Every structure is written in C-alpha cells, then in structure tokens.
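Asker: Let me see the structure of the following:
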Amino acid sequence: QVQLVESGGGLVQAGDSLSLSCERSVRSFSNYAWGWFRQAPGREREFVASIDRSGLTSYTDSVKGRFTISRGNDEKMVYLQMNNLKPDDTAVYYCAFRFGGPRDQASQYDYWGQGTQVTVSS
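Answerer: Numbers count the residues shown, from 1 in each chain. Next up is the predicted model:
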C-alpha cells in the first residue's frame with residue numbers, strides 16, 4: 001500500500017509564490033508517475049501537472065510558465081513550485097501517484113494525498 005503525505009499550502013497574495021511537497025511511503029518502482037491536481041469549491045478535480053520517472057513533465061495550460069513539478073533524487077518526493085499565483089489558483093491541491101506512465105485524468109491515479117488548501121487573495 002502506497003501512502004502519500006502532503007505539506008505546504010497556505011494563504012498568500014496574488015503574485016506570491018508557494019511550494020507544495022508530497023512524500024510517498026515506498027521508494028522505488030520500475031515505472032510510475034506523479035500528478036498534482038486541484039479542486040475548487042463547486043468544481044471538478046482538475047489536472048495541474050505530472051512527471052514520470054524519467055523526468056518528463058506535463059502541465060495544464062493555465063499554469064504553464066508559472067508552476068514547476070519536480071521529483072526528489074530518492075524518488076520518494078514530488079514538489080510543485082507555484083510562482084506568480086493568481087486568485088483563480090485557489091483550490092485544494094492533491095498529489096497523486098500511479099503505476100505506469102503519466103496521465104491527466106484523476107480517475108487513472110491509484111493513490112492520493114490528503115489535500116492541502118491554497119488560497120490566493122487579490
């Protein structure tokens with residue numbers, strides 16, 4: 001069983017930066033991918049970014065150039081650096097993990113963190 005624990009998040013002003021991190025309980029697998037998703041009140045959970053074991057990344061258009069997903073060297077950690085935050089980025093952010101290649105659909109991830117609130121004030 002893979003467990004994910006998130007940290008980071010908080011209340012910031014528009015234009016500020018914030019970093020999220022997520023640690024998984026088991027270190028290495030032959031093929032896997034991390035994802036970050038977010039869910040605002042009254043909205044569906046949406047894809048933010050993904051990274052696979054090789055370091056290949058993918059982003060939703062609204063965060064390109066502002067957010068960066070990265071992995072820790074020991075492969076147990078994933079990070080989301082968020083710069084130039086906007087009020088529309090306000091949501092609960094979730095890290096997710098799956099065996100296999102990266103996907104942008106929440107239903108295709110096997111394990112989830114508990115979620116962390118990011119609030120951006122204007």
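Asker: make it CA atoms for all contacts and neighbour counts henceforth
Answerer: OK.
Asker: can you give me the strands in this structure?
Answerer: 4-8, 10-13, 18-24, 32-39, 46-52, 57-59, 67-71, 77-82, 91-99, 111-112, 116-121 (DSSP state E).
Asker: Quick one, which of the ones you listed gets closest to Gln105.
Answerer: When these are compared by C-alpha to C-alpha, strand 46-52 sits nearest Gln105, at 6.7 Å.
Asker: average pLDDT for the closest one?
Answerer: For strand 46-52, the mean pLDDT works out to 97.
Asker: For that strand, name the packing helices and strands.
Answerer: Applying 3 or more C-alpha pairs under 8 Å, 6 or more residues apart in numbering; DSSP states H and E, one finds that strand 46-52 makes contact with strand 32-39, strand 57-59, strand 67-71.
Asker: a markdown table for these, including distance to Gly10?
Answerer: Shown next, in a markdown table, are the helices and strands packed on strand 46-52 (distance: least, C-alpha to C-alpha, whole Å):
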| stretch | distance to Gly10 |
| --- | --- |
| strand 32-39 | 14 |
| strand 57-59 | 22 |
| strand 67-71 | 16 |
